[in-house]
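1. One predicted model, sequence on top.
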Amino acid sequence: QVQLVESGGRLVQAGGSLKLSCAASGRTFSTYAMGWFRQAPGKEREFVAAISGSGGSTYYADSVKGRFTIARDNAKNTVYLQMNTLKPEDTAVYYCAAGGFVVVRPTMYTYWGQGTQVTVSS
């Protein structure tokens, strides 16, 4: 069992930066691939970024490539999402998830956090 708690979401102006954190419980954090997803009102949950258990492999959605960076600290059981050059269309609830593989399909992730709201004003 893994429990995930996101933090760091807030209101930010377009062009600004924000760093999200996701703290995980349990002693097996490094065995899980971690993903970040987001869901805007009226839209489906979409993949943002993912990282392998060791941190050696990362994958990004085209919409955030070059602006967002995913990283993890296995000693702290935490995964991060650094978001730069934010746009109004980045506004969404951001979720972290834990699963077995670095994949984009949300159904492939086993554990989910409750989400943190990111709002980007124009």
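-> Yes, it's here. Predicted, not measured: the structure shown is a model, and the values here were computed from it.
2. Which secondary structure state does Gln114 sit in?
-> Here Gln114 is recorded as coil under DSSP: H, G, I helix; E, B strand; the rest coil.
3. The residue nearest the centre of the chain and Leu86, how far apart?
-> Closest residue to the average C-alpha location of the chain: Trp36 at 2.4 Å, with CA atoms, centre = their mean. Relative to Leu86, Trp36 is positioned 14 Å away (CB to CB, to the nearest Å). (Glycine included, C-beta is placed from N, CA and C.)
4. Who's the closest spatial neighbour of Ala97, skipping the chain neighbours?
-> Distances taken as CB to CB, 6 or more residues apart in numbering put Tyr109 closest to Ala97, at 3.7 Å, once the chain neighbours are dropped.
5. Does the one you found touch Gly99 like I think?
-> Yes - the pair Tyr109 and Gly99 passes the contact test of CB atoms under 8 Å, sitting 3.7 Å apart.
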